[in-house]
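>>> let me see the structure of the following:
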Amino acid sequence: MKKKLLFFFSLIVTIFLHAQNVGIGTTNPQATLDVKGNQRLGGITRFTTFDSIGGKIEWRNANLYVPVSQYLMQHSAAADGLYYNNNAPTSGQLEYRNATGNPAFYTNFLNGNGYFKGRLGISTINPLAGLHVADSSVLFSALGDVPVTAGFTPISGAGRRMMWYPDKAAFRAGYVDDTQWNKDSIGQYSIATGYKTKALGFGSIALGNKSLAIGQNAIALGADNMASGVQSTAMGNFTTATGDYSTAMGYYTISGGDYSTAMGRNSTASGYTSTAMGNSTASGYLSTAMGFNTTASGLVSTVLGNYTKAKSGFSLVIGSYNDTTATNRLFEIGNGTADYARNNAMTVLNNGNVGIGTSSPQSLLHIGNSGQLRMYDASGTRYAQLFHSGGGDLHLSAHGGGASYINWFGGTGFHVGNGSFGYGPVYASAFTVSSSQLFKKNIVNTHYGLTEILQLQGKEYQYINDITNRKEIGLIAEEVELLLPEVVYHNPADKKVIGLDYGKLVPVLIESIKEQQKQIDSLSSHNKEQQKQIDELKKLVQTLIKQ
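A predicted model of the protein is given here:
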């Protein structure tokens, strides 16, 4: 044995001394030592084998070179171990395989992709999710601002995902059923989370259920909302904010005007800087509508209430079902009952006229529809009342603690009382009765005189309803009517005699005095003639006596 080893080493030395390459199993060595076939270095249990025939492992320049797909480390006869996969199209992939030969994780040094099956824990050995980072921050970062031309998203189309898209600095989380989270549907610096949401505008936010934020810096929150105006906000359910800087909130509200606000249910703010609240429409410039089915269409108009409409510029309307036939109103209080029965309790026109009970006031204060004006005392039980009757008469009355009335009949007269009787004094320093011939026509001398006066009968009496029970002196109108009907007045309602004008007896008394004066003058003349005759008779008697 020793001789054989000595021979072998002598041979090796001889070869090294006389040749550059040495071949074992080959006559054409390609290296200093070229051995064809398998080699094993070491003992029975510890050795390294090189399969030079298959060329699976080579040492090159102090590096281990693996030219073909093969296991680098295998735990057992099963397929688990570290495997180099260079089979197209997977070339350049280092895999750690399980017992069935499937990768548990891998890294590909050609495309930079990697894979990890199961849960990955960072700072934890018991991960509870696909990626579990314990007791540490998580950072997703990219250098500089977003690129001018963004690359494609990591994934497109329908599906559930949480995605940070650095090329647009955008974030997505939730579920989509179509292209809502594709590259062309993602705005720069936008956020969209929830169910089928879409944030397309620059810096926009869409959260909830099918909310859509299209405008720049727009926000859509809730369900089925859309914010398309610049810096607009839509929140609630089925709200739409199309105006720039507008806000729509609630249920089926629309803010269409720039800087407009719509809130409530079915409210629409379409006017510039308009506001609609409740269930209303504000279409006028700088208009405001509040309440139920109200409309503010006038310039800088305001409406509140129920089915009210503010059509006039700078107008204020409140109440219910106001009159809408004109547009020259400043203030209205509606008291109508339906759209076909609109009415105003109070109306103020642009010219300052105020109407109560009328929508078309003709004066500074116009009370219509048989309106009444009442003034109460401190007790709240007694009051004075001014009203206009349907017959064209004006009445001023007092109620409570006795009753007093002053009535002006439409162009025909004036009386104190309630229309049936009157009593009590009227105090005044003087009364002036219009009597100029400028106001009269068909002027003739009266035929009344002493005859009628002599038939009048003065009476003493008491008024039935006079609580003072004062005794009065006067005439009975019914008796006077038989002689001087022009002096007597009747109730316009039932034509009954109610009173007489004592002042109108003056002309009759004047004519009576004139008649009496004529009689007196005639008697005086007759008396003088008789006195003359008596004097002559006395003289004659004296003469006869003297004879």
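>>> host element of residue 520?
Here residue 520, judged by DSSP states H and E, is contained in helix 505-546.
>>> for that helix, name the packing helices and strands.
On a contact count with 3 or more CB pairs under 8 Å, 6 or more residues apart in numbering; DSSP states H and E, helix 505-546 meets helix 450-455. Just so you know, the C-beta spots here come from the backbone N, C-alpha and C atoms, and that holds for glycine as well.
>>> residue ranges with poor pLDDT in the stretch 51-200 of the chain?
Applying pLDDT under 70 to the stretch 51-200 of the chain picks out residues 51-65, 67.
>>> how far does the helix holding residue 520 sit from its chain's centre?
101 Å (CA atoms, centre = their mean, to the nearest Å).
>>> what is the neighbour count of the residue nearest to residue 363 when sequence neighbours are not counted?
Leaving aside its chain neighbours, residue 363 sits nearest to residue 353 (6.1 Å; criterion: CB to CB, 6 or more residues apart in numbering). Residue 353 sits with 18 neighbouring residues when counted by other CB atoms under 10 Å.
>>> how close does residue 502 get to residue 509?
Residue 502 is 10 Å from residue 509, where distance means CB to CB, to the nearest Å.
>>> before we move on, the earlier item: mean confidence for the helix holding residue 520?
Averaged over helix 505-546, pLDDT sits at 90.
>>> repeat for stretch 304-316
The predicted model gives stretch 304-316 an average pLDDT of 95.
>>> endpoints of it, how far apart?
8 Å (CA to CA, to the nearest Å).
>>> residue 462 contacts residue 470, correct?
Yes - contact status for residue 462 versus residue 470: in contact at 6.8 Å, counting by CB atoms under 8 Å.
>>> need the contact list for the residue nearest to residue 363.
361, 362, 363, 364, 365, 366 (CB atoms under 8 Å, 6 or more residues apart in numbering).
>>> tell me the phi and psi of the last one?
What that stands for is residue 366. Taking degrees, to the nearest 10, you get phi -130, psi 110 for the backbone angles of residue 366.
>>> just checking, it touches residue 354?
Yes - if you go by CB under 8 Å, residue 366 and residue 354 touch, sitting 6.9 Å apart.
>>> on that earlier part again, residue 387 versus the residue nearest to residue 363, what's the distance?
Distance of residue 353 to residue 387, computed by CB to CB: 20 Å.
>>> thinking again about what came up before, return the subset of the contacts of residue 353 lying in strands.
Under the assignment DSSP state E, the contacts of residue 353 contribute 365, 366 to strands.
>>> by neighbours, which of the contacts of residue 353 wins?
Most surrounded of the contacts of residue 353: other CB under 10 Å gives residue 361, at 22 neighbours.
>>> what's the closest non-adjacent residue to that one?
residue 355 (3.1 Å).
>>> that neighbour in helix, strand or coil?
strand (DSSP: H, G, I helix; E, B strand; the rest coil).
>>> give me every residue that touches it.
344, 346, 347, 348, 349, 361, 366, 367, 368.
>>> let's see that with 6 Å instead.
If a contact means CB atoms under 6 Å, 6 or more residues apart in numbering, then residue 355 has 347, 361, 366 as its contacts.
>>> check what pLDDT it gets.
88.
>>> from residue 366, how far out is it?
For residue 355 relative to residue 366 (CB to CB), the value is 5 Å.
>>> residue 479 too?
44 Å.
>>> what of residue 349?
10 Å.
>>> and the helices in the stretch 351-500 of the chain?
Listed in chain order, the helices of the stretch 351-500 of the chain (DSSP state H, counting those that start in this stretch) span residues 450-455, 477-483.
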